[in-house]
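# model this:
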Amino acid sequence: MNRQLRLVFVLSLSVAASAAPSLSSAAEPVLPAIDGNAVLEHTKVLAADAFEGRAPGTKGEELTVAYLVEQLRKIGLQPGNPDGTWVQKLPLVGTTVQGSPSLTFRRGPAVRKLAWRDDYVGWTKRVTERAGLDASDLVFVGYGVQAPEFQWDDYKGTDLRGKTMVVLVGDPPVPDPAKAGDLDPKTFGGKAMTYYGRWTYKYEMAAKLGAAGVLIVHETEPAGYPFAIVQGKTTEQLDLETADGNASRAAVEGWITLDQAKALFEMAGQDFEALKKQAATREFQPVPLGATATVSLVNTIRKVPSANVVAKLEGSDAALKDEWVIYTTHWDHFGIGPAVNGDTIYRGAIDNASGTGGLVELARAFAATTPRPRRSILFLFVTGEEQGLLGSAGYAERPLYPLAKTVAVLNIDALNVRGRTRDLTIVGLGLSDLDDVVGRAAAAQGRVVKGDPMPEKGSYYRSDHFPFARKGVPSIHAGGGIEFVGKPADYGTRVLREYIRNDYHKPSDAVRPDWDMSGAVEDLALYLRVGYELASTAAWPEWKPGAEWKPLRDAMMKAR
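Modelled structure (predicted):
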């Protein structure tokens, strides 16, 4: 498939055993070709130095929002906000730690000072000029998981109020009783990370239990990225503006390096590896370390006005145009930050100027599609993904259109710029009926659907479809693959690992002359077909039995 692709297809859902009757159509839908050059040009603009890395609340945001609105207006779409504007305003709060405060561990006469950025990274999400820990008792809580469905509780009723949790990243690695060397697929997803393994969950649990602080022990493999990525959080931290100024969150959240964690345990008279092994069992009990943590954070606080950009293509069916298919992508990146090899502009070309440019081109194709889909399409370009999915979470909390009338969310994050693939990756494969819709579209391209090649990274919980899933809306992130046409068998895995190691969240994520947009074109053509089907057929996708968010959706649909 190439840039000249002209995709014409007849909706014939009767071939799928699970499909409901299709809405009748007098004409075969014609889906325009995806222009790979247009995607590349949008990406070049958004990743240009003039856009200063597209950080929320900066000149980069102003330029980005203006560019997107200009392009969407030229396409012929309508403003997506019911108030007649192209944006959904999302007030954020930025907190920046001043100086380089050290973190002190103390046990009796023994004192260990951790250097800012090199040994630990810490911040507060509380909107306050001062926050810290004052001789807060350190308690090791294993993986910090409370999962009744797995009969798992790492806390065992321990009172953590005023104390600081030391917690491992990832899920408890429970051995498979049937196969030595493997993880139990029936517990925490086996090799695949569940939400319990995400750092966001650890912080949520600290707030729930009233802990004063929480320090995650960084390990590259279970985290999915090196400590250098964590060090990026020494710059301004953004969050959604809340009524209580995030007073319910732990006073200090952060990470410590593996070496410093081991040194702390040694100071406490404990064996880190032995306790880590115990933490992978249901019998684990929290371990007071007999040591304290002290740190003082002085913060600069600023209000950060930001926005999601929203455009709509109104459905053609009067009875169905108030039902929605939503496409999401995040326009933001990290802006200007610490120098890496002398470069301070974090361009975010692949992540996610490419996805943003791709959605602009997808919107153009939809606007030219005939006949127009019967349901409405919302193109949602969100802010603050890099700060914790803020824009998508803000929309999910305060949707412009009811979630009960939202058929599905299709997310685009980091396009494939390495060429065509024989396979297509669905992150979170097996969760919803969206797999079947994507599978049909992939088959029409002669491709096969596969799951995430690195499920241990927890990618399903790391992009903008996830806040919608947590609210019950079937949501998916699909694209790319690892079996590249005309490349060695290990090429896909190799370039993905190299990108994570060398360019992910670094200034070097820039547009390069060797990019091959044919794979991005194919993925966008697939997403065009998937969205058209969802917007033109009677069936609503559902969560598969056992999916965590199925009860929420079921209740939502009953209330419609």
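# what are the ranges of the helices in the stretch 1-150 of the chain?
For the stretch 1-150 of the chain, the helices defined by DSSP state H, counting those that start in this stretch occupy 36-46, 59-75.
# Kindly compare burial across those helices and name the winner.
helix 36-46 (a mean of 20; mean count of other C-beta atoms under 10 Å). For every residue, glycine as well, the C-beta is placed using N, CA and C.
# Would you confirm that residue 361 contacts residue 41?
No - counting by C-beta atoms under 8 Å, residue 361 does not reach residue 41; the two are 9.4 Å apart.
# show me where the stretch 351-500 of the chain has helices.
If DSSP H, counting those that start in this stretch is used as the criterion, the helices of the stretch 351-500 of the chain fall at 355-367, 390-397, 434-444, 466-470, 491-502.
# Show me how far the last one is from its chain's centre.
If I follow you right, that is helix 491-502. Between the centre of helix 491-502 and the centre of its chain there are 19 Å (C-alpha atoms, centre = their mean, to the nearest Å).
# and that helix, C-alpha only, in CSV?
Only the C-alpha atoms of helix 491-502 are listed here, as CSV (Å, rounded to 0.1, in the frame of the first residue of the first chain):
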residue,chain,number,x,y,z
TYR,A,491,14.0,-5.2,12.8
GLY,A,492,10.8,-4.1,14.4
THR,A,493,11.7,-5.0,17.9
ARG,A,494,15.2,-3.6,17.5
VAL,A,495,14.1,-0.2,16.2
LEU,A,496,11.5,0.1,19.0
ARG,A,497,14.0,-0.6,21.7
GLU,A,498,16.5,1.8,20.1
TYR,A,499,13.9,4.5,20.0
ILE,A,500,13.0,4.0,23.7
ARG,A,501,16.7,4.0,24.7
ASN,A,502,18.0,6.8,22.5
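# Could you give the bridge partners of residue 324?
With DSSP bridges as the criterion, residue 324 is bridged to residue 376, residue 406.
# ok, it - how many residues close by?
By the measure other C-beta atoms under 10 Å, the count of residues near residue 324 is 26.
# which residue sits closest to residue 526 in space, ignoring its chain neighbours?
Distance criterion C-beta to C-beta, 6 or more residues apart in numbering; nearest residue to residue 526, sequence neighbours excluded, is residue 441 at 4.7 Å.
# Now do that neighbour against residue 504, distance only.
28 Å (C-beta to C-beta, to the nearest Å).
# and the angle from the helix ranked longest in the chain to helix 36-46?
In the chain, with assignment by DSSP state H, the single longest helix is helix 518-536. Going by axes from the mean of the first three to the mean of the last three C-alpha atoms, to 10 degrees, helix 518-536 is angled at 100 degrees with respect to helix 36-46.
# quick check, distance from helix 518-536 to the centre of its chain.
Relative to the centre of its chain, helix 518-536 is centred 21 Å away, using C-alpha atoms, centre = their mean.
# do the same with stretch 373-393
That offset, for stretch 373-393, works out to 11 Å (C-alpha atoms, centre = their mean).
# Averaged pLDDT, it. What do you get?
Average pLDDT, stretch 373-393: 97.
# what about that stretch, start to end distance?
One end of stretch 373-393 sits 27 Å from the other (C-alpha to C-alpha, to the nearest Å).
# and if you look at stretch 44-62?
From its first residue to its last, stretch 44-62 covers 17 Å (C-alpha to C-alpha).
# Use 33 as the first number from now on
Okay, residue one is now 33; in that scheme the one you just asked about reads as stretch 76-94.
# which outside residues touch that stretch?
Stretch 76-94 is contacted by residues 95-96, 99, 124, 126, 270, 334, 336-339, 363-369, 377-381, 385, 388-389, 415-416, 419, 422, 542-543 when judged by C-beta atoms under 8 Å, 6 or more residues apart in numbering.
# What segments of the stretch 83-232 of the chain are strands?
Taking DSSP state E, counting those that start in this stretch as the test, the strands found in the stretch 83-232 of the chain are 110-111, 119-129, 135-139, 142-146, 152-155, 162-172, 178-179, 184-185, 196-200.
# residues contacting the nearest residue to residue 527 once chain neighbours are set aside?
Spatially, and ignoring its direct neighbours in sequence, residue 527 is nearest to residue 450 (5.9 Å; C-beta to C-beta, 6+ apart). Contact analysis of residue 450 by C-beta under 8 Å, 6+ apart lists 516, 523-524, 527, 547-548, 551.
# mind showing which ranges of the stretch 183-332 of the chain have poor pLDDT?
By pLDDT under 70, the stretch 183-332 of the chain contains no weakly predicted segment.
# show me where it has helices.
So, for the stretch 183-332 of the chain - with DSSP H, counting those that start in this stretch - the helices run 231-240, 252-255, 259-263, 290-299, 304-310.
# mind checking which of those helices is nearest residue 203?
helix 252-255 (8.0 Å; C-beta to C-beta).
# before we move on, the earlier item: following the chain past the longest helix of the chain, name the next helix or strand.
Per DSSP states H and E, the first helix or strand lying C-terminal to helix 550-568 is helix 582-591.
# Can you show me the CA trace of that following helix as CSV?
Output of helix 582-591 as CSV, limited to C-alpha atoms (Å, rounded to 0.1, in the frame of the first residue of the first chain):
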residue,chain,number,x,y,z
LYS,A,582,-17.6,-3.8,31.5
PRO,A,583,-19.8,-3.2,34.6
LEU,A,584,-19.5,0.5,34.1
ARG,A,585,-20.5,0.4,30.5
ASP,A,586,-23.3,-2.0,31.1
ALA,A,587,-24.7,0.3,33.8
MET,A,588,-24.2,3.3,31.4
MET,A,589,-26.1,1.6,28.6
LYS,A,590,-29.0,0.6,30.9
ALA,A,591,-29.4,4.2,31.9
